[in-house]
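**Q** Only the shape, not the letters, is given here:
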């Protein structure tokens with residue numbers, strides 16, 4: 001029996017690293033790796049970000065280590081790669097770094113997304129790791145004609161997103177790095193509190209509590225907002241690591257390589273160390289990962305509001321046109337309808353909820369229109385990945401809410 005690889009996860013403690021760690025070293029069940037180290041900027045004792053009820057059990061196991069570190073410092077990253085005494089060097093690297101707070105400046109986006117990934121990628125190449133899997137959050141907008149495969153040139157949306165994309169170009173240009181890029185949809189699942197869907201779930205519950213319809217200005221709602229369960233994000237990351245470790249970068253490029261095109265401002269990249277030339281088209285293996293639900297705004301909104309006993313509707317033509325023209329101006333008005341009620345729900349819960357990672361405030365980013373529709377056939381065919389949660393269902397929503405409720409993050413209300 002071959003020895004199990006050792007793995008290191010960089011970043012993502014506030015997104016997907018906790019679930020990945022639980023897959024790699026489950027508190028109950030067979031481990032996939034011999035040793036796991038997780039490195040991020042947050043503290044876990046005491047926690048400075050949401051951890052969920054299960055993650056502390058993962059950390060409590062032998063041969064599992066969490067290290068708090070400043071990943072913008074090359075020496076800190078290099079030190080993180082040094083294995084514990086008597087342990088084999090890390091062979092699988094999972095890069096889940098990147099700034100996800102959409103209100104951050106472009107300077108912060110460059111430092112916390114591009115520069116951090118470059119430091120890690122260069123060190124991983126120097127250490128000759130067997131697999132380097134980069135998780136790419138849903139930072140793109142696809143056209144109306146979809147779903148879109150990996151060869152199509154999808155566009156990053158905001159300045160923050162542009163640097164997520166530029167990061168892929170930079171990593172792909174490190175020829176000796178055994179890179180795989182996993183490009184995911186909008187994540188949901190137990191203990192997932194970041195991103196679009198947890199916010200929509202929270203707000204839909206409020207409108208269900210008020211017995212009022214939840215409305216959006218973006219009718220008729222046919223735009224894709226493809227989903228992926230956190231279990232499949234973890235499973236996909238592991239499958240990609242195993243896949244490239246068996247092939248190497250050169251063969252992986254031949255099998256699944258895609259050109260990664262330039263979508264930045266030429267004047268900005270020339271002064272940033274490590275960026276590719278605008279005319280360069282670096283190649284790396286890229287895989288889309290979404291479920292089979294083919295989720296759209298109308299479908300997702302209807303399913304979630306139905307779960308909470310209400311409906312999902314669109315503003316009238318007049319209201320719709322007005323909201324689109326003045327979305328900046330109506331953000332506060334929209335939130336007035338539900339934010340106060342969320343506080344009421346938390347206070348009237350039995351027992352009352354004094355602290356929760358869930359927020360009901362929908363800012364301009366949350367209220368903006370989205371179009372993300374991916375074809376997921378390539379990862380199934382090339383990697384052989386089988387979705388663990390192929391459909392977005394009411395049962396999956398119930399699991400999400402029940403686990404939040406059990407840990408005291410979701411209001412327990414009589415009759416609900």
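**A** Noted; the coordinates are in hand. Bear in mind that the values here come from a model prediction, so they are computed numbers and not experimental data. Residues are numbered from 1 along each chain as shown.
**Q** now the longest helix out of those in the chain, how far from the centre of its chain.
**A** Criterion DSSP state H: the longest helix present in the chain is helix 230-247. Its chain's C-alpha centre and that of helix 230-247 lie 15 Å apart, by CA atoms, centre = their mean, to the nearest Å.
**Q** Any buried residues in that helix, and which?
**A** 230-245, 247 (16 or more other CB atoms under 10 Å). In this view, the C-beta of every residue, glycine as well, is placed from N, C-alpha and C.
**Q** Same question for stretch 291-301.
**A** Neighbour counts over stretch 291-301 (16+ other CB under 10 Å) mark 291, 293, 294, 295, 296, 297, 298, 299, 300, 301 as buried.
**Q** pLDDT on that stretch, on average?
**A** The average pLDDT within stretch 291-301 is 95.
**Q** Quick test: name the residue nearest the centre of this structure.
**A** Closest to where the C-alpha atoms of the chain average out (CA atoms, centre = their mean) is residue 137, at 4.6 Å.
**Q** sorry, back to before: I'd like to check the angle between the helix or strand just after the longest helix of the chain and helix 230-247, please.
**A** With elements assigned by DSSP states H and E, the helix or strand that comes after helix 230-247 is helix 249-256. Orientation check (axes from the mean of the first three to the mean of the last three CA atoms, to 10 degrees): helix 249-256 against helix 230-247 gives 120 degrees.
**Q** Strand partners (parallel or antiparallel) of the helix or strand that helix 249-256 is followed by?
**A** On the C-terminal side of helix 249-256, the nearest following helix or strand under DSSP H and E is strand 257-259. Here strand 257-259 has these sheet partners by DSSP bridges: strand 283-289 (antiparallel).
**Q** what residue ranges in the stretch 301-416 of the chain score low on pLDDT?
**A** 316-327, 415-416 (pLDDT under 70).
**Q** quick revisit: residue 14 is in contact with the residue nearest to the centre of the chain, correct?
**A** No - Residue 137 lies out of contact with residue 14 (CB atoms under 8 Å); the separation is 11.7 Å.
**Q** what number of residues lie near residue 57?
**A** By the criterion of other CB atoms under 10 Å, residue 57 has 12 neighbours.
**Q** From residue 11, how far off is it?
**A** Separation of residue 57 from residue 11 (CB to CB, to the nearest Å): 21 Å.
**Q** how about residue 351, what does it touch?
**A** Counting by CB atoms under 8 Å, 6 or more residues apart in numbering, residue 351 makes contact with 408, 412.
**Q** Would you check how far apart it and residue 79 are?
**A** Distance of residue 351 to residue 79, given as CB to CB: 44 Å.
**Q** Show me the strands in this structure, by range?
**A** Ranges of strands within the chain are 7-10, 36-40, 64-68, 92-95, 131-136, 140-141, 155-156, 179-184, 186-188, 214-216, 227-229, 257-259, 283-289, 312-314, based on DSSP state E.
**Q** who does the second one pair up with?
**A** Applying DSSP bridges, strand 36-40 is found paired with strand 7-10 (parallel), strand 64-68 (parallel).
**Q** who touches that strand?
**A** Applying CB under 8 Å, 6+ apart, the contact partners of strand 36-40 are 6-13, 17, 21, 24-25, 63-69, 71, 77, 80, 83, 90.
**Q** before we move on, what about the fourth one?
**A** Taking contacts as CB under 8 Å, 6+ apart, the residues outside strand 92-95 that touch it are 5-12, 17, 20, 33, 117, 120-121, 124, 129-135, 171, 237, 241, 245.
**Q** The fifth one now?
**A** Outside strand 131-136, the residues that touch it by CB under 8 Å, 6+ apart are 5, 12, 16, 91-96, 117, 121, 124-125, 164, 167-168, 171, 177-184, 233, 237, 240-242, 244-245.
**Q** how long is stretch 274-287 from one end to the other?
**A** 24 Å (CA to CA, to the nearest Å).
**Q** circling back: looking at the strands of the chain, which is nearest to residue 46?
**A** Across the strands of the chain, residue 46 has its closest neighbour in strand 64-68 (11.5 Å, CB to CB).
**Q** and for the closest one, what are the contacting residues?
**A** Contacts to strand 64-68, defined as CB under 8 Å, 6+ apart, come from residues 21, 25, 35-44, 58-59, 80, 84.
**Q** quick one: which of those is nearest to residue 379?
**A** Out of these, the member with the shortest distance to residue 379 (by CB to CB) is residue 21, at 21.5 Å.
**Q** neighbours of that closest one, just the number please.
**A** Residues near residue 21, counting by other CB under 10 Å: 27.
**Q** Return the distance of the nearest residue to it once chain neighbours are set aside relative to residue 217.
**A** If the residues on either side of it in the chain are set aside, residue 21 comes closest to residue 58, at 5.1 Å by CB to CB, 6 or more residues apart in numbering. Using CB to CB, residue 58 is found at 41 Å from residue 217.
**Q** higher neighbour count, those two?
**A** Relative neighbour count places residue 58 above the other of residue 58 and residue 217, with 23 against 19, counting by other CB under 10 Å.
**Q** The more buried one: what's it in contact with?
**A** Neighbouring residues of residue 58 by CB under 8 Å, 6+ apart: 18, 21, 22, 25, 26, 27, 64.
**Q** Apply 7 Å and report the result again.
**A** Under the criterion of CB atoms under 7 Å, 6 or more residues apart in numbering, the neighbours of residue 58 are 21, 22, 25, 27, 64.
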